[in-house]
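# kindly generate the corresponding structure for this input.
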Amino acid sequence: MKTKIFTFIIASALVLSLTGCQNNTDKDPDGAVTDNTSSSDGLEPIGDVTAADGVEKTPETVQKTAYELVEDVMTANALKYEGGEVTDADKKYGSVDKAYYELEDGGIINVTSYKSVDDAKAFAGYYGEDGSHFTSDDETMIIDYIYPIHLWRYDNYIISYASPTAEELQDLNIAFGVEFAGAGSRYYSPEFVSDIEDALAAAGYDYESEWCDELQQLYMYSPERMCRISVSNGDQLFVSRYKDEATAMDHAARFSPDGKAYTGLGGHGATTIQFGRAFPPHFFRKGSVVVEYVSENCELMGVLESVYGKQFAGDKSNTPASRTELSFSAEYIRTDCFDFDVELPQYAIIRSVDDLNRFYTDYNGVLDLESRETVYADSTIGWLDRSEKYDDEWFKENDLLLVVLSEGSGSNRHEVTSVTRDSISGTKVSIKRIVPESGTCDMAEWTIFIEINSKVINPLEIVDIEIAE
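Here you go, the predicted model:
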């Protein structure tokens, strides 16, 4: 006889519709760029921002010069740069001085100060929308930049930024508002997407990369940088770089094997979300980079696998399952039930001391979860006695699976025979019921403490528990 198990609800389940992250940058019907970027990385926008006029300093916001704000961006990104070389600038347009900052990727930031805000506004008005055309009263120039250009006005300063990767674009937008002219977010090709861009180009695809931010934290961790790549076949890739590989690994481990659910909504480790995507999702990781790919025809799977290896989560309808035996330890504690309306068996995945305490608070009184001073022949130590061994350090490396069973005889026992995992259905626990030839007539409930290394059990998945005689 085989029995399937229900689940203790110890985490909130939310159903969200997710088609990918939202880019903060929108375009109005006239092609102008507007931006709702919120500050991050300790960089605060100064004053009111408009695309036409740039940033105005008010008495409350007179804090830093444009030079200082640029150097803040460099410091926040841990970049080496040559800065502070001030040169005389052309006085024709009211400029006073100019400093340049040479970046590690070959890019350059120039900061030019003007005698007044009006002079800076006048100079900004000479540029065309893409930043490559300059038209004043007596001359018109087409400027051939080596890299796409980005231009901001901040008070009486003009800031220009040219880079092959636009890696610092997001932080400069935070510091100075939306650029008044230039390539905008439509040009963003940071180093962490160069390998997939090269692979797409080699496979014959055209693409366009742009930076994007989530409007709010969705997953457990927010990426340091996020890039959306729109491919000529109509597919999109969302490429996220996290602060280090350990963070990316933990983030990846929070997806269910099929990629349809995630534990850690908004940074809350016990909250699970179910994604409502229109097409099957696919997730890849390499180092600190995680890629999300949602597609109807999965045309780019080969390209993605050539760069990132096999997906760690996602639709595997055409992938054969490979089941792996996991090491585990199990202990069986008698925890009689006082509520006959509770439907057993059930289970709960415990990932922290807080989870364990919450289980005790929610179910003590329903189950006998207290200490047990006297251990009789037909009983065991108490649930509380057994749970004392777990602390925050233990949960850093392990997960605890609690399986609660009911037996018609206190003589019946159990043995966890295997814990296995495959790439499609996730973790499976097999339990054997041991029934003696003769036994007592009393009812008995048991909680099995199953310890599993958290590096091999997906922290959110629904565990398939099978009980057989």
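# so for stretch 430-447, mean pLDDT?
Averaged over stretch 430-447, pLDDT sits at 86.
# what sits up against that stretch?
With C-beta atoms under 8 Å, 6 or more residues apart in numbering as the test, stretch 430-447 has contacts from 332-337, 344, 367-368, 378, 383, 402-420, 448, 465-469. For the C-beta atoms, the positions are set from N, CA and C on the backbone; glycine is no exception.
# now, the residues you listed that are in helices?
Among the contacts of stretch 430-447, the ones falling in helices (DSSP state H) are W383.
# which members of the contacts of stretch 430-447 occur in strands, if any?
Residues of the contacts of stretch 430-447 located in strands (DSSP state E): 332-334, 402-407, 413-420, 448, 465-468.
# re the thing from before, of the contacts of stretch 430-447, grab the buried ones for PyMOL.
Only the buried members of those enter the following PyMOL selection, criterion being 16 or more other C-beta atoms under 10 Å:
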select buried, resi 332+333+334+335+337+344+367+368+383+402+403+404+405+406+407+410+411+412+413+414+416+419+420+448+465+467
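# would you map the helices across the chain?
Under DSSP H, the chain gives helices at 66-76, 117-124, 169-176, 194-202, 245-253, 301-308, 353-363, 383-387, 392-395.
# now mean pLDDT and distance to E292 too, for those, in CSV please.
Below are the helices of the chain laid out as CSV (pLDDT from 0 to 100; distance: least, C-beta to C-beta, whole Å):
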stretch, mean pLDDT, distance to E292
helix 66-76, 85, 26
helix 117-124, 88, 38
helix 169-176, 84, 19
helix 194-202, 91, 12
helix 245-253, 91, 11
helix 301-308, 91, 10
helix 353-363, 93, 27
helix 383-387, 95, 38
helix 392-395, 91, 28
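# any idea what L367 is bridged to?
For L367, the beta-bridge assignment (DSSP bridges) gives partners C337, N364.
# again, but for W446
Note on W446: beta-bridge partners by DSSP bridges are R334, L405.
# how about the one 4 residues further on?
With DSSP bridges applied, the residues forming beta bridges to I450 are A330, L401.
# quick revisit: of the helices of the chain, which is nearest T271?
Among the helices of the chain, helix 353-363 comes nearest to T271, with 11.9 Å by C-beta to C-beta.
# I'd say C337 and V366 touch.
Yes. Counting by C-beta atoms under 8 Å, C337 touches V366, with 6.6 Å between them.
# counting neighbours, what do you get for I158?
25 (other C-beta atoms under 10 Å).
# also I434?
For I434, using other C-beta under 10 Å, the count is 10.
# could you measure from it over to V404?
From I434 across to V404, the span is 17 Å (C-beta to C-beta, to the nearest Å).
# quick check: the residue nearest to R228 when sequence neighbours are not counted vs D130, distance?
Computed as C-beta to C-beta, 6 or more residues apart in numbering, the closest residue to R228 that is not its neighbour in sequence is C212, at 4.8 Å. Noted for C212: a distance of 21 Å to D130, by C-beta to C-beta.
# between these two, which is the more surrounded one?
Using other C-beta under 10 Å as the criterion, C212 and D130 rank with C212 on top: 22 against 15.
# so the more buried one touches M226, yeah?
Yes. Judged on C-beta under 8 Å, C212 makes contact with M226 at a distance of 5.4 Å.
# fine, thanks again, bye for now.
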